[in-house]
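Colleague: What follows is a protein structure lacking sequence information:
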């Protein structure tokens, strides 16, 4: 009655899917599945669930009547069916389960309850340790609700509608309780790039307190315009050195990243960083952290962002994020006179409108490059 299937999700982790299927002439077709990180857990759940159904066959009839799940239950089912969804989306959905609105059946989520949730989220919730958030964050949360309801309608064949969500969003946008994120224009200065290079080089090569070569990774982000999770998915087998291209699997896209594989042009500057990262000592150090095997940077994206955020705090650099290095790289392409198609070959943006912020820019004057920055860092600590 039940089967266990071994799978590998997009992050490279092995998972085990336990599935129960019952197809009897005198009963409705029934299917239930759940995904686990270990085979032993999948086996245990399968045995327990089979015993429950055998002891009480009416369970199948009850489930197949499609009783309306709460938002919390729907979120959990959605996550079990789609374990490969992005980290940010998964965290947002998991957080959403903690609110009162998650206790409501999907067909009872009305515009006033959505508005109540939005106001609560904006103000913060002290009892569960949540600070107040920006309007764009609330908008994202409500869009996650809509995703769950749409999934219930299209996939689970439940009689639900997301019209109330749309009504709520229109009213909340008019009241400026929610809004789309503003365009971020923060770029690192040459001084900040030098400070970060010095700090990361010291921690890696002099103090030896880390095996993460952030002094190389930060410049790789600039010269390749890659997001931090994409940097960790730069598989060596996908590097076409002859044609100076690197294929990245599952590039982020509004319609879904699964299968959206694209190749970006690898510049001469990027090749120099790649050469440094491929040194045996560098690779062996990163391998200790058990990241994605076969990647140029076999680390977790969270490790990169944590190192960067910590360094900015130590160096008193305010409001700078690792993702801003991607914008820095795109800005440099525009400053160098690259056309929109040429920029797209590196950044992999689908539309030129996504690159509008970078065009018609004046050069900022002298620009710090990796070769100069690393020379300064090495000279600074040569006597250490």
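Modeller: Ah, there it is. Computed from a predicted model, the values in this text were never measured in an experiment.
Colleague: Could I get the buried residue list for stretch 120-132?
Modeller: Neighbour counts over stretch 120-132 (16 or more other CB atoms under 10 Å) mark 121-122 as buried. For glycine as for every other residue, the C-beta is placed from the backbone atoms N, C-alpha and C.
Colleague: Tell me the span between the first and last residue of that stretch.
Modeller: End-to-end distance for stretch 120-132: 9 Å, by CA to CA, to the nearest Å.
Colleague: Tell me the gap between that stretch and the middle of its chain.
Modeller: 23 Å (CA atoms, centre = their mean, to the nearest Å).
Colleague: got it, and stretch 44-53?
Modeller: Worked out by CA atoms, centre = their mean, stretch 44-53 lies 34 Å from the chain centre.
Colleague: And for stretch 119-133, what's in contact with it?
Modeller: For stretch 119-133, contacts defined as CB atoms under 8 Å, 6 or more residues apart in numbering pick out 95, 98-99, 135, 137-138, 141, 177.
Colleague: swap the cut-off to 6 Å and go again
Modeller: 98, 138 (CB atoms under 6 Å, 6 or more residues apart in numbering).
Colleague: please begin residue numbering at 760 from this point
Modeller: Shifting the count to begin at 760 puts that one at stretch 878-892.
Colleague: first to last residue in it, what's the distance?
Modeller: End-to-end distance for stretch 878-892: 10 Å, by CA to CA.
Colleague: Can you report how many residues neighbour residue 980?
Modeller: Residues contacting residue 980 under the criterion other CB atoms under 10 Å number 25.
Colleague: what helix or strand is it on?
Modeller: In this structure, residue 980 is located in helix 973-983 according to DSSP states H and E.
Colleague: Kindly report the same for residue 780.
Modeller: strand 773-781.
Colleague: Can you list the strands that the helix or strand following that strand pairs with?
Modeller: Using DSSP H and E, the next helix or strand after strand 773-781 towards the C-terminus is strand 789-795. With DSSP bridges as the test, strand 789-795 is paired with strand 773-781 (antiparallel).
Colleague: in the partner strand, what's buried?
Modeller: Neighbour counts over strand 773-781 (16+ other CB under 10 Å) mark 774-779, 781 as buried.
Colleague: any idea how far it is from the chain center?
Modeller: The chain centroid and the centroid of strand 773-781 are separated by 26 Å, computed with CA atoms, centre = their mean.
Colleague: Residues contacting it, please?
Modeller: Strand 773-781 has contacts (CB under 6 Å, 6+ apart) with 760-768, 789-795, 798, 801, 804-805.
Colleague: Try it again at 8 Å.
Modeller: Under the criterion CB under 8 Å, 6+ apart, residues 760-768, 788-798, 800-802, 804-805, 808-809, 812, 819, 842 lie in contact with strand 773-781.
Colleague: Please apply the same query to stretch 1079-1090.
Modeller: 943, 945-947, 951, 977, 980-987, 1063-1064, 1067-1068, 1071, 1102, 1105-1106, 1114, 1117, 1120.
Colleague: thinking again about what came up before, show me which of the contacts of strand 773-781 are buried.
Modeller: Buried subset of these (neighbour count, 16+ other CB under 10 Å): 761, 789, 791-795, 801, 804-805, 808, 812, 819, 842.
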